[in-house]
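*Asks:* just need the structure, nothing else, for what follows:
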Amino acid sequence: MDHQLYDYSPITGREPIQWPGGARVAFYVGLNIEHYQIDRPATSTFPDTAALTPDPLNYGWRDYGPRVGVWRLIESLDRLGIRASALLNSDAGERYPQIVEAGRRRDWAWLAHGRNNSLFQTGMTREEEHAYLTEVVDSIERTTGTRPRGWMGPALTETFHTPELLAELGLDYVLDWTNDDQPYPLNVPGMLSVPYSVELNDISLFVGKGFTGPDFVQVVRDQLDQLHADSADSGRVMALALHPFVIGQPFRHTYLDQALEYVADHPGVWLTTSDEIADHYTRASAPRPSGSPALPRAR
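*Replies:* Residues are numbered from 1 along each chain as shown. Model prediction:
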């Protein structure tokens, strides 16, 4: 079947995007704050034990994130004045209040990231998913004091109803469809897709491809340099997806610092959040008053 969620739109044929202050690339850190159930397999560093219950090796590796890794990562973000876009499991919000409080003090953007990273809503009926999403969003609003506006499913999973159900709950963008370098409207009134990355992602790079710290720094540099070159006529978005149990390991910390420093020192970069990217795009895309000049189209 063909999907109906969004239309084909070549990036060369769109109205140009202009970011605040003349920036060419809008950069945000997608900080995954997750909880995993102990009796279900999940992302693993040693597959041979992943199906065991319990699995201390892999569960403990993942549990390093909220206990230690996230605090090391926060140090790096603080030093460079980068606010996180926190992709928060509602179970994590309820179980790790110290992390939530740290994010509240730093004015992070809070996005809903499902109940936990062991449960996906794929296969739910519309009614089941509506109840699930309502519970997740309401829980995150209670724990953070802010109703989330963005969504990323655990493992970027959705059903065919997810965007419209999220819109009914007051959310206005999703990160799940990683198919663009710019935001774009979905065929659900009021809903956007904002870029996220499964490639520029510490799990994919370190766990999936076996990259080293220097490899990671080079990939971040190359990604930004290319997007900056691409954005001569229309702004781009660069998302850096981070998981504290991966990038928060001690031997990787210095390389995260190097990568973030390169981004923060790069000319033409707007250090922002996914909420602010969605806001700016929505305002800039609103219909102009009759008679106002049209912007030139991107080449």
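
*Asks:* low-confidence ranges in the stretch 151-299 of the chain?
*Replies:* Across the stretch 151-299 of the chain, the ranges flagged by pLDDT under 70 are 288-299.

*Asks:* where along the stretch 51-200 of the chain do the helices fall?
*Replies:* With DSSP state H, counting those that start in this stretch as the criterion, the stretch 51-200 of the chain has helices at 56-64, 70-80, 90-95, 97-105, 126-144, 162-168.

*Asks:* can I get the CA coordinates of the longest one in PDB?
*Replies:* It refers to helix 126-144. Extracted C-alpha coordinates of helix 126-144, given in PDB (Å, rounded to 0.1, in the frame of the first residue of the first chain):
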ATOM      1  CA  ARG A 126      -6.800   2.900  17.600                       C
ATOM      2  CA  GLU A 127      -8.600   2.900  21.000                       C
ATOM      3  CA  GLU A 128      -5.700   1.100  22.700                       C
ATOM      4  CA  GLU A 129      -3.200   3.600  21.300                       C
ATOM      5  CA  HIS A 130      -5.300   6.600  22.200                       C
ATOM      6  CA  ALA A 131      -5.300   5.400  25.800                       C
ATOM      7  CA  TYR A 132      -1.600   4.700  25.800                       C
ATOM      8  CA  LEU A 133      -0.600   8.000  24.300                       C
ATOM      9  CA  THR A 134      -2.900   9.900  26.600                       C
ATOM     10  CA  GLU A 135      -1.300   8.200  29.600                       C
ATOM     11  CA  VAL A 136       2.300   8.900  28.300                       C
ATOM     12  CA  VAL A 137       1.600  12.600  27.500                       C
ATOM     13  CA  ASP A 138      -0.200  13.200  30.800                       C
ATOM     14  CA  SER A 139       2.500  11.600  32.800                       C
ATOM     15  CA  ILE A 140       5.200  13.700  31.200                       C
ATOM     16  CA  GLU A 141       3.200  16.800  31.800                       C
ATOM     17  CA  ARG A 142       2.900  15.900  35.500                       C
ATOM     18  CA  THR A 143       6.600  15.100  36.000                       C
ATOM     19  CA  THR A 144       8.100  17.900  34.000                       C
END
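
*Asks:* against which helices or strands is it packed?
*Replies:* helix 90-95, helix 97-105, strand 109-112, helix 162-168 (3 or more Cβ pairs under 8 Å, 6 or more residues apart in numbering; DSSP states H and E). Just so you know, the C-beta spots here come from the backbone N, C-alpha and C atoms, and that holds for glycine as well.

*Asks:* rewinding a little: ok, which of the helices of the stretch 51-200 of the chain comes nearest A232?
*Replies:* Counting by Cβ to Cβ, A232 lies closest to helix 70-80 out of those; the figure is 25.7 Å.

*Asks:* hey, C-alpha coordinates of that closest one in CSV?
*Replies:* Extracted C-alpha coordinates of helix 70-80, given in CSV (Å, rounded to 0.1, in the frame of the first residue of the first chain):
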residue,chain,number,x,y,z
VAL,A,70,23.7,11.4,31.7
TRP,A,71,25.4,13.5,34.4
ARG,A,72,28.7,13.4,32.4
LEU,A,73,26.8,14.4,29.3
ILE,A,74,25.1,17.3,31.1
GLU,A,75,28.5,18.6,32.0
SER,A,76,29.4,18.9,28.3
LEU,A,77,26.1,20.5,27.4
ASP,A,78,26.5,23.0,30.2
ARG,A,79,30.0,24.0,29.3
LEU,A,80,28.9,25.0,25.8
